[in-house]
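J.: coords please:
(chains A, B, C and D, ligands or ions: 2)
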Amino acid sequence: MPGPYSDKVMDHFMNPRNMGEIEDADGVGEVGNPACGDVMKLFLKIENDRIVDVKFKTFGCGAAIASSSMTTELIKGKTIDEALKLSNQAVAEALGGLPPAKEHCSVLAEDALKAALEDYKKKKG
Amino acid sequence: MPGPYSDKVMDHFMNPRNMGEIEDADGVGEVGNPACGDVMKLFLKIENDRIVDVKFKTFGCGAAIASSSMTTELIKGKTIDEALKLSNQAVAEALGGLPPAKEHCSVLAEDALKAALEDYKKKKG
Amino acid sequence: MKRIYFDHSATTPVDNRVLDAMLPYFAEQFGNPSSVLIEEGGIPHKAVDEAREKIARLVGAEKDEIIFTASATEANNLAIKGLALANRDKGKRILFSDIEHFSIMNQADFMRILGFEIDFVRVDNYGVLDMEDLKKKVTDGTVLVSVMHANLEIGTIEPVKEIASFLKERGVIFHSDGAGTSGRIPVSVNDLGIDTMTISPHQFYGPKGIAALYLRKDVRLASIIQGGFQEMGYRAGTENIPGIVGFGEAARLAMEEMDERVQKLTMLGRRLWDGLASSIDYLHFTGHPKQRLPGHVSFWIEFVEGESLLLWLNLNSIASASGSACASNMMAVDETGLKASHVLTAVGVPPEICHGSITFSLGKDNTMDEVEHLLSVIPGIVKRLRDMSPLYASFKQQQKEHDK
Amino acid sequence: MKRIYFDHSATTPVDNRVLDAMLPYFAEQFGNPSSVLIEEGGIPHKAVDEAREKIARLVGAEKDEIIFTASATEANNLAIKGLALANRDKGKRILFSDIEHFSIMNQADFMRILGFEIDFVRVDNYGVLDMEDLKKKVTDGTVLVSVMHANLEIGTIEPVKEIASFLKERGVIFHSDGAGTSGRIPVSVNDLGIDTMTISPHQFYGPKGIAALYLRKDVRLASIIQGGFQEMGYRAGTENIPGIVGFGEAARLAMEEMDERVQKLTMLGRRLWDGLASSIDYLHFTGHPKQRLPGHVSFWIEFVEGESLLLWLNLNSIASASGSACASNMMAVDETGLKASHVLTAVGVPPEICHGSITFSLGKDNTMDEVEHLLSVIPGIVKRLRDMSPLYASFKQQQKEHDK
Ligand SMILES: Cc1ncc(COP(=O)(O)O)c(C=O)c1O
Ligand SMILES: Cc1ncc(COP(=O)(O)O)c(C=O)c1O
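T.: Numbers count the residues shown, from 1 in each chain, chains lettered A, B, ... in the order given. Ligands and ions are numbered 1, 2, ... in the order given. I've put the predicted structure just below:
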């Protein structure tokens, strides 16, 4: 079906990777865009500065869910420094592009990741 | 074919009655409507106050030709007094009606008749 | 799987009988109706005439009270701009209801450039026009009021007759956008007492690219598209003959089958409504529970985002619509336009939780099996999306703590 | 007898290949392209996109420089009103050529209400724009000039490229009505250098009810019909999908078959021209003898009224058009509108003798046999009408006296 979403986006929307929560997460980031109504929550498990597990929960549109899912795939196994370098463009690109009106969803995913890493740093003190 | 003109109009347009000139006419009337470009010329042969022959020439649209033709039919054999009573509505009615934008053509026919009768009276002195 | 089309508010398929009526006017009877003096123009001219008659009959009007336009949008633009300009000696103040379609709403700026003042009349939580607010806002110098006949997002039918009778007393012109009603439910312009009404055939199995404005005799209207002498001078341009013929046939069929269609839609709609009410918690219906379009069921679900729900329904072969900001502004050039539906906001749904709005609008060819199929799949989708939602998780958490 | 259609300036039949392309979009792919998130919307959305591309290619434009409208008339209205309103900071003065179509001309009053000033630029006796008059009339504060690409009544093709280049220097926006040219002769908007151009598919075997405005990138345009987000915000309303698809296909075919069509029309047109010149006296061709549309032959005949000639041709199975006041205002509500064509008046034909004007506009499916048939019947008709004419009688009389 021709539509505004790439096959990649639809794949991640239908089969989200790493959906769920981590009970004893080392870092949790929750961000939201009230204009659009998306809310993303990212849970990180970190060992030796490396993201060993990641889960997400998202209330939002197709692009928001796919961006969250893709982000978890992109950072799993990465070091914190590597993860910090992840840009929203990279997320959008990995998804095969997002419609212009939906680019903010990948920004939201980047923001959620930053917030979770921030939280991790704060918790670690 | 459905069109703006009645069958009667088309019949008189295609087969105009009394088309031509009368060389030694007793009355001739020529009228024109410069706005539309119609010119009508009516020739009367009158004996004992009665129209014994009538012919017309018309430069003009379908309605103008049909109105002229119908007028000649309606007045042939009539007395002058009877002919003077012929109204443009009567001409239009006899034609099965004219489109609103063409009603002036029947007026023109009435005018041509009046002018020809006027001419007759003038000539008679 | 065969698609289940529950989005008749967006558009409807052209009825095959309508298409058949249109077909001769493309390649065979292709003439220009303005060329009345040649044979080629005669039959199309007559066809336009006959279609106009059928459409007039559908809404109880006279033939020469129907003006063809290219869309409901254009009809709404012709009505607002044309009535305001032609009657500006009466006043400069125009009122729109808060839930008008974009094709009314988005004229506001243009009208202000023309020197008019636009104000808005409130609706209640069912989307019904607030008569008290209207009465307060119709001040001296009010020339025109526009209140739609029914809103296609929430299904509410407005008290147009009551509004018309009040406005008539006050000498104010009244336009009603009937894109959601004419051809769908019985409409009589004289009974309603309106001055102009938009009629949109692609909402009732007619073609796209054609619509009409009903204009009550002796109401003054200016044209917005000038040119040749078509449409009694109100709207120039060579006529869309096949479109007009199809419109006429759709109108004829709508009139003939009206009772049957309404009855069926009422029944299917009721089952859908009840089924949703009993199977999904935290679901809120929108619009008026009784004064609504038959076969129209609209609602929002807490902790479920509309676009995602719509996408999942689509993946399950069900076509629906969503007033979700994300869904309805999908094709915007950027995200600046992402606002929750003004209609849902107007009926008091808090903007931060109305993103789950969905509209099911059924049509004459839908079946009870299709309704039952929808009812069988939607709970699973809702569960799935809620399971993904951090909002639902914390709500459940709070609930648990509260229950302790 | 089979009809002979020589009135392709009024409209053309839809090509069967065009109709075939349209058919799936009525009852099957009927979705609303705005509903991009459901399957029903996807294919129509893509179809609109592809059609836009084909139309862009026809005139050498980019895809997003094409705005769909319902008619050439609407495109002309969008251009004049939309360009003037969006650029009114540049000036309030607008120029039309003296021979623009009604869909430009009749906007004058509306534009004056909006505060603009309209002036007119002369043409010469061939209908070619008078460049000197243009240069004189483009004064400071001139925001917009509209000169059509070709006039369908007299066939003349205007020096649009020259006009565009002058106006560009002066920073004045230039609209050209291409209803008579695009799809008929090769058109390149970049080569011509125009800012906007009207394109009308029912003039080249596409459907009625759809047309387009080419809008050069970064030229500002205001909308005249507001509503949803269709057509990049320039023109709201649910798209006429079958119409758009048919338009696209007609554009593709026109491009593919352009050379062939032009060649054939040129040849048929030449034969018709020469045949008339040699068989009918006191016949005056109108328009430019060389810079004219292929297959377009227009003239007036002294002592022959146009409507009557047209009616007789029609009775002989030949469809033509007449600029005769009587013929072209046939459907006026009363006779007040009966004026000789403003085009013929502008090219210097004295109003009292231009009632015999006739236009033959040939099409791709006409044949040499049809041309020969016309040539064989027209002298008899002319004789018949002249024999009825009192004007011809007195002319002949004068001539006789003069010859003595
Ligand atoms: C109530 C109402 N009016 C007008 C319109 C505009 O219709 P169109 O896009 O066909 O012009 C719509 C579209 O859905 C509508 O719902
Ligand atoms: C040059 C020109 N422009 C515009 C138009 C208007 O076309 P339409 O009636 O299809 O809107 C015509 C109609 O013949 C025309 O000749």
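J.: which elements pack onto the lengthiest helix in chain C?
T.: When chain C is parsed with DSSP state H, its longest helix is helix C:241-279. Counting by 3 or more C-beta pairs under 8 Å, 6 or more residues apart in numbering or on different chains; DSSP states H and E, the packing neighbours recorded for helix C:241-279 are helix C:16-22, helix C:24-27, helix C:39-58, strand C:283-285, strand C:296-301, helix C:368-388. All C-beta spots, glycine's among them, are computed from the backbone N, C-alpha and C.
J.: C:L213 contacts C:T69, correct?
T.: Yes. Using C-beta atoms under 8 Å, C:L213 is in contact with C:T69, at 6.0 Å.
J.: thinking again about what came up before, any idea how far the longest helix of chain C is from the chain center?
T.: Relative to its chain's centre, helix C:241-279 lies at 14 Å (C-alpha atoms, centre = their mean, to the nearest Å).
J.: what angle sits between it and helix D:241-279?
T.: 180 degrees (axes from the mean of the first three to the mean of the last three C-alpha atoms, to 10 degrees).
J.: and helix C:241-279, what's buried?
T.: C:241-255, C:258, C:261-262, C:264-265, C:268-269, C:272-273, C:275-276 (16 or more other C-beta atoms under 10 Å in any protein chain shown).
J.: ok, now which ones touch residue 41?
T.: Looking at chain A here, since you left the chain open. A:E21, A:V28, A:G29, A:E30, A:F56, A:K57, A:T58, A:A112, C:P390 (C-beta atoms under 8 Å, 6 or more residues apart in numbering or on different chains).
J.: the intended chain is chain C.
T.: So C:G41 contacts C:G31, C:N32, C:P33, C:S34, C:S35, D:A10 (C-beta under 8 Å, 6+ apart).
J.: and residue 123, its phi and psi?
T.: If you meant another chain, say so; for now it's chain A. phi -60, psi -40 (degrees, to the nearest 10).
J.: could you do chain C instead?
T.: Taking degrees, to the nearest 10 as the convention, C:V123 sits at phi -120, psi 160.
J.: repeat that for A:D49.
T.: According to degrees, to the nearest 10, A:D49 has phi 60, psi 20.
J.: burial check on it, number of neighbours?
T.: 12 (other C-beta atoms under 10 Å in any protein chain shown).
J.: that older thread, of the contacts of A:K41, which is the nearest to B:G97?
T.: Among the contacts of A:K41, A:T58 lies closest to B:G97 (C-beta to C-beta), at 73.8 Å.
J.: list the contacts of the closest one.
T.: A:D38, A:V39, A:M40, A:K41, A:A64, A:I65, A:S68, C:M388, C:S389, C:P390.
J.: now, those residues that are in helices?
T.: Here DSSP H is the test, and the contacts of A:T58 give A:A64, A:I65, A:S68, C:M388, C:P390 as lying in helices.
J.: most surrounded residue in those residues?
T.: Going by other C-beta under 10 Å, A:S68 tops the ones in helices among the contacts of A:T58 with 31 neighbours.
J.: ok, back up a step: just the buried ones from the contacts of A:K41?
T.: A:V28, A:G29, A:E30, A:F56, A:K57, A:T58, A:A112, C:P390.
J.: returning to what we had before: including pLDDT, could the contacts of A:T58 go into TSV?
T.: Formatted as TSV, the contacts of A:T58 follow (pLDDT from 0 to 100):
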residue	pLDDT
A:D38	86
A:V39	92
A:M40	95
A:K41	96
A:A64	94
A:I65	96
A:S68	97
C:M388	95
C:S389	92
C:P390	91
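J.: just give me the closest of those to A:N15.
T.: Distance to A:N15 across the contacts of A:T58 (C-beta to C-beta) is lowest for A:I65, with 10.4 Å.
J.: so that closest one is in contact with A:N15, correct?
T.: No. The criterion here is C-beta under 8 Å, and A:I65 misses it with A:N15 at 10.4 Å.
J.: which ones are touching residue 69?
T.: Picked chain A for this. Counted by C-beta under 8 Å, 6+ apart, A:S69 has contacts A:H12, A:F13, A:P16, A:R17, A:N18, A:M19, A:F56.
J.: oops, wrong one, chain C.
T.: C:A75, C:L78, C:I210, C:A211, C:A212, C:L213, C:R235, D:A70.
J.: could these go into TSV alongside neighbour count and secondary structure?
T.: Shown next, in TSV, are these (neighbours: other C-beta atoms under 10 Å in any protein chain shown; DSSP: H, G, I helix; E, B strand; the rest coil):
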residue	neighbour count	secondary structure
C:A75	32	helix
C:L78	28	helix
C:I210	32	coil
C:A211	32	strand
C:A212	33	strand
C:L213	28	strand
C:R235	29	coil
D:A70	30	coil
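J.: identify the residue spatially nearest to residue 105, adjacent ones excluded.
T.: Picked chain A for this. A:A63 (4.0 Å; C-beta to C-beta, 6 or more residues apart in numbering or on different chains).
J.: that's the wrong chain, I meant chain C
T.: C:F96 (6.5 Å).
J.: could you check how far the one you found is from C:V147?
T.: With distances taken as C-beta to C-beta, to the nearest Å, C:F96 is found 8 Å from C:V147.
J.: then C:E132?
T.: For C:E132 relative to C:V147 (C-beta to C-beta), the value is 14 Å.
J.: just C:L385 next, same as before
T.: Per C-beta to C-beta, C:L385 is found 36 Å from C:V147.
J.: go on, C:K400?
T.: 46 Å.
J.: so between the two, which is more surrounded?
T.: More neighbours surround C:V147 than the other of C:K400 and C:V147, with 26 against 9 (other C-beta under 10 Å).
J.: that one: what's it in contact with?
T.: By C-beta under 8 Å, 6+ apart, C:V147 lies in contact with C:F96, C:S97, C:E100, C:V121, C:L129, C:E158, C:V160, C:I163, C:F174, C:S176.
J.: so C:T198 belongs to a strand, correct?
T.: Yes. Residue state for C:T198 (DSSP: H, G, I helix; E, B strand; the rest coil) corresponds to a strand.
J.: so where is the stretch 251-400 of chain C shaky, pLDDT-wise?
T.: C:324-340, C:351-354 (pLDDT under 70).
J.: now do the SS call for C:M232.
T.: Following three-state DSSP, C:M232 is assigned to helix.
J.: measure how buried it is and give me the count.
T.: That count, for C:M232 with other C-beta under 10 Å as the rule, works out to 15.
J.: thought it was touching C:D64?
T.: Yes. Assessed by C-beta under 8 Å, C:M232 is found in contact with C:D64 at 6.7 Å.
J.: still on that earlier bit, and the next helix or strand past the helix or strand that contains the residue nearest to C:M105?
T.: If you go by DSSP states H and E, C:F96 is part of strand C:93-97. Elements were assigned by DSSP H and E; along the chain past strand C:93-97, the next helix or strand is helix C:102-105.
J.: how far out from the middle of the chain is that following helix?
T.: 11 Å.
J.: for it, give the mean pLDDT please.
T.: Averaged across helix C:102-105, pLDDT comes to 96.
J.: for the stretch 301-404 of chain C, which segments count as strands?
T.: C:318-319, C:358-361 (DSSP state E, counting those that start in this stretch).
J.: and chain D, which of those strands is closest to it?
T.: Checking the strands of the stretch 301-404 of chain C against chain D by C-beta to the nearest C-beta gives strand C:318-319 as the closest, at 4.4 Å.
J.: what about the closest one, near chain A?
T.: No. Contact between strand C:318-319 and chain A is absent, the nearest approach being 11.7 Å (criterion: C-beta under 8 Å from any C-beta of the partner chain).
J.: what pairs with that strand, parallel or antiparallel?
T.: strand C:4-5 (parallel) (DSSP bridges).
J.: could you list the residues in contact with the partner strand?
T.: Residues outside strand C:4-5 that contact it (C-beta under 8 Å, 6+ apart) are C:P13, C:S317, C:I318, C:A319, C:G363, C:N366, C:E370, C:H373, C:L374, D:E40.
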